[in-house]
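Asker: no sequence for this one, just the structure:
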């Protein structure tokens, strides 16, 4: 389908084609693909189309019929070409050889108008005595009835007229009038007419309208020569998408691998000392790491297939035969699908990346506003390592203590604190919490540690940090009944240390 801008203030002007979407239509097209059709029309038509841009307008949808795989096809149809010599488009009958070669691969309706070309641009047919287009452009319309043998004529439809006009050199429009009259034109020009509509049913399909008694249903045709430009455009879009996809894929794969390693390390360490709080947190990190690695694997697979598509596109250099156009059309369809899939996957990867490693500013010193949980429970144990769990505010993330604190700051409405684990393998890991429910404090670690270990600001031990502004003056001592809204439900004091 083609979306276009229409401008009611200029009813006699052709509507400006803007952009289009793929959609299958009749005549068994091999594939329908998006195309910027404004570039397909003749210079005169392009000028007319560009001449009525306005700031105000409405959006319409127009059906676009595409048959690119037939470009260059030699037809077996017959015609009765004449043999006089005249210069200009449509003015030299000896050079008009209908059905010999397909030059256009699609069409769409642009207007219902009284067409100057039908009435005054007809050099050889019924209106030849009113012909004056030669004074301006030295062109003529070409009639279906003039060149198609009587025994080969078909009941008129949009497709029948298109099949004829798509093979006529230098014609970019075709018009239908009074249900049966078909003509091809290098351009069209609306002139003053009556208030009638294009309401004459086509002889070959009464569900279609083929102009009216005085007005023409005008259709623009899309030229086959655009295939190379379209392929280059699709290739550029695909290449740009692949660049972004590969960058996001590499970043997310690294984050997934690092998070998996940290989770494995700490799950094993705290599993040995029977800490279900920490073990459960690490399991959520492993699940999220698996999600990232799965997305990265999909992206890598897609990127490999994109390499193949780009290589195939490089191998297409000729677009002169039906087979060439068919290959290009099929390839462009695959490229468009790959681009769409890649954009969606890149968006997923960037979301995962932002969750696992947020892009944060002003992180230095952010952790100073978060105190060890035991400060609010029992200050005697404030310097002891502790783990805590509860309701998650966000996905597990990788980052320093200050980065975790800044991430919690930015989650203003949810995050009240975080469970922090310093680097066990490569990087630190933390879990933002919207509610802290359970905790384990390790009082046995200090017995074997040097004096520096007792400094509560030290960040090389697991810590449960809570936002001072949320808990200042509050008591978090355990309340198993759950009646205390801000209190811990369970606190385990372990006279041992994790390894």
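Answerer: Yep, that arrived. This is a predicted model, so every value here is computed, not measured.
Asker: Now the longest strand anywhere in the chain: buried residues?
Answerer: In the chain, assigned by DSSP state E, the strand with the most residues is strand 429-442. Judged by neighbour count using 16 or more other CB atoms under 10 Å, the buried positions of strand 429-442 are 429-434, 436-442. Heads up, the C-betas are built off the backbone N, CA and C, glycines and all.
Asker: can you pull out the helices in the stretch 101-250 of the chain?
Answerer: Per DSSP state H, counting those that start in this stretch, the stretch 101-250 of the chain carries helices over the ranges 116-120, 144-147, 158-165, 226-272.
Asker: helices or strands next to the helix or strand immediately after the longest one in the chain in the packing?
Answerer: Downstream of helix 226-272, the first helix or strand assigned by DSSP states H and E is helix 276-315. For helix 276-315, the helices and strands in contact under the criterion 3 or more CB pairs under 8 Å, 6 or more residues apart in numbering; DSSP states H and E are helix 226-272, helix 322-356, strand 386-392, strand 417-421, strand 429-442.
Asker: quick one: helix 276-315 to strand 429-442, angle?
Answerer: 170 degrees (axes from the mean of the first three to the mean of the last three CA atoms, to 10 degrees).
Asker: follow-up on the earlier one: neighbouring strands of the longest strand of the chain in the sheet, and parallel or not?
Answerer: Using DSSP bridges, strand 429-442 pairs in its sheet with strand 386-392 (antiparallel), strand 397-398 (antiparallel), strand 417-421 (antiparallel), strand 490-494 (parallel).
Asker: Ranking the helices of the stretch 101-250 of the chain by mean neighbour count, which comes first?
Answerer: Of the helices of the stretch 101-250 of the chain, the one with the most neighbours on average (mean count of other CB atoms under 10 Å) is helix 158-165, at a mean of 24.
Asker: Show me how far that helix is from its chain's centre.
Answerer: 34 Å (CA atoms, centre = their mean, to the nearest Å).
Asker: what's the answer for stretch 295-315, then?
Answerer: Computed by CA atoms, centre = their mean, the chain-centroid distance of stretch 295-315 equals 17 Å.
Asker: So for that stretch, what gets flagged as buried?
Answerer: Buried-residue list, stretch 295-315, by 16+ other CB under 10 Å: 295-296, 299, 302-303, 306, 309-310, 312-313.
Asker: just those now: which is nearest residue 422?
Answerer: Nearest to residue 422 among these is residue 296, at 25.6 Å by CB to CB.
Asker: so what's that closest one closest to, chain neighbours aside?
Answerer: Excluding its sequence neighbours, the residue lying closest to residue 296 (CB to CB, 6 or more residues apart in numbering) is residue 253, at 3.8 Å.
Asker: Equivalent analysis for residue 469, please.
Answerer: residue 369 (7.0 Å).
Asker: Now do that neighbour, the pLDDT please.
Answerer: In the predicted model, residue 369 carries a pLDDT score of 93.
Asker: how many other residues sit next to it?
Answerer: Using other CB atoms under 10 Å, residue 369 has 13 other residues around it.
Asker: So it sits against residue 467, correct?
Answerer: Yes - counting by CB atoms under 8 Å, residue 369 touches residue 467, with 6.7 Å between them.
Asker: just the strands paired with strand 429-442: most buried one?
Answerer: Highest mean neighbour count among the strands paired with strand 429-442 (mean count of other CB under 10 Å): strand 417-421, a mean of 26.
Asker: what's the angle between that strand and helix 226-272?
Answerer: For strand 417-421 against helix 226-272, the angle by the same axes, to 10 degrees is 80 degrees.
Asker: how close does residue 177 get to residue 202?
Answerer: 11 Å (CB to CB, to the nearest Å).
Asker: what do these two both touch?
Answerer: In terms of CB atoms under 8 Å, 6 or more residues apart in numbering, residue 177 and residue 202 are both contacted by the residues residue 210.
Asker: mind listing what residue 261 touches?
Answerer: 424-426.
Asker: Scan the residues you listed and report the most crowded one.
Answerer: In the contacts of residue 261, the most neighbours by other CB under 10 Å go to residue 424, 17 neighbours.
Asker: Shouldn't that residue be within a strand?
Answerer: No - residue state for residue 424 (DSSP: H, G, I helix; E, B strand; the rest coil) corresponds to coil; a strand is not indicated.
Asker: Least reliable of the helices of the stretch 101-250 of the chain by average pLDDT, please.
Answerer: Across those, helix 116-120 gives the lowest mean pLDDT, at a mean of 86.
Asker: where does it sit relative to the chain's centre, distance-wise?
Answerer: For helix 116-120, the distance to the chain centre is 43 Å (CA atoms, centre = their mean).
Asker: How about stretch 378-388?
Answerer: Distance, centroid of stretch 378-388 to centroid of chain: 50 Å (CA atoms, centre = their mean).
Asker: Quick one: residues in contact with that stretch.
Answerer: 270, 275, 277-278, 281, 372-375, 417, 419, 433, 436, 438-443, 445-446, 453-456, 461-464, 477, 493, 497-498.
Asker: let's see 6 Å
Answerer: Stretch 378-388 is touched from outside by 275, 277-278, 372-375, 419, 436, 439-443, 445, 454, 456, 461-462, 464, with contacts defined as CB atoms under 6 Å, 6 or more residues apart in numbering.
Asker: Mind checking the pLDDT average for that stretch?
Answerer: For stretch 378-388, the mean per-residue pLDDT is 90.
Asker: Mind listing what's buried along it?
Answerer: Across stretch 378-388, burial judged by 16+ other CB under 10 Å covers 381-388.
Asker: Over to residue 371: give its phi and psi.
Answerer: Torsion angles at residue 371 (phi, psi; degrees, to the nearest 10) stand at phi -100, psi 150.
Asker: May I have the phi/psi pair for the closest residue to it other than its chain neighbours?
Answerer: Nearest in space to residue 371, with sequence neighbours left out and distances taken as CB to CB, 6+ apart, is residue 468 at 5.4 Å. With angles defined as degrees, to the nearest 10, residue 468 shows backbone torsions of phi -60, psi -40.
Asker: I'd say residue 468 and residue 372 touch.
Answerer: No - Residue 468 is not in contact with residue 372 according to CB atoms under 6 Å; the separation is 10.7 Å.
Asker: rewinding a little: any chance of CSV for the buried residues of stretch 295-315, columns distance to residue 95 and pLDDT?
Answerer: Formatted as CSV, the buried residues of stretch 295-315 follow (distance: CB to CB, whole Å; pLDDT from 0 to 100):
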residue, distance to residue 95, pLDDT
295, 59, 97
296, 59, 97
299, 54, 97
302, 49, 97
303, 50, 97
306, 44, 97
309, 40, 96
310, 40, 96
312, 37, 94
313, 35, 94
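Asker: How many residues are close by the nearest residue to residue 395 once chain neighbours are set aside?
Answerer: What sits nearest to residue 395 in space, not counting adjacent residues and going by CB to CB, 6+ apart, is residue 355, at 4.3 Å. Neighbours of residue 355 under the rule other CB under 10 Å: 17.
Asker: ok, residue 355 touching residue 392?
Answerer: No - here residue 355 lies out of contact with residue 392, judged by CB under 6 Å, at a distance of 11.4 Å.
Asker: where does the stretch 1-150 of the chain dip in pLDDT?
Answerer: The stretch 1-150 of the chain contains residues with pLDDT under 70 at 1-91, 94, 125-138.
Asker: related to what we said a few turns ago, closest to residue 405 out of the strands paired with strand 429-442?
Answerer: strand 417-421 (7.3 Å).
Asker: List the contacts of the closest one.
Answerer: In contact with strand 417-421 (CB under 6 Å, 6+ apart) are residues 266, 388, 401, 404, 408, 429-433, 436, 462-467.
Asker: ok, 7 Å please
Answerer: For strand 417-421, the surrounding residues in contact (CB atoms under 7 Å, 6 or more residues apart in numbering) are 262, 266, 281, 370, 387-389, 401, 404, 408, 428-433, 436, 462-467.
Asker: No further queries at this time; thank you.
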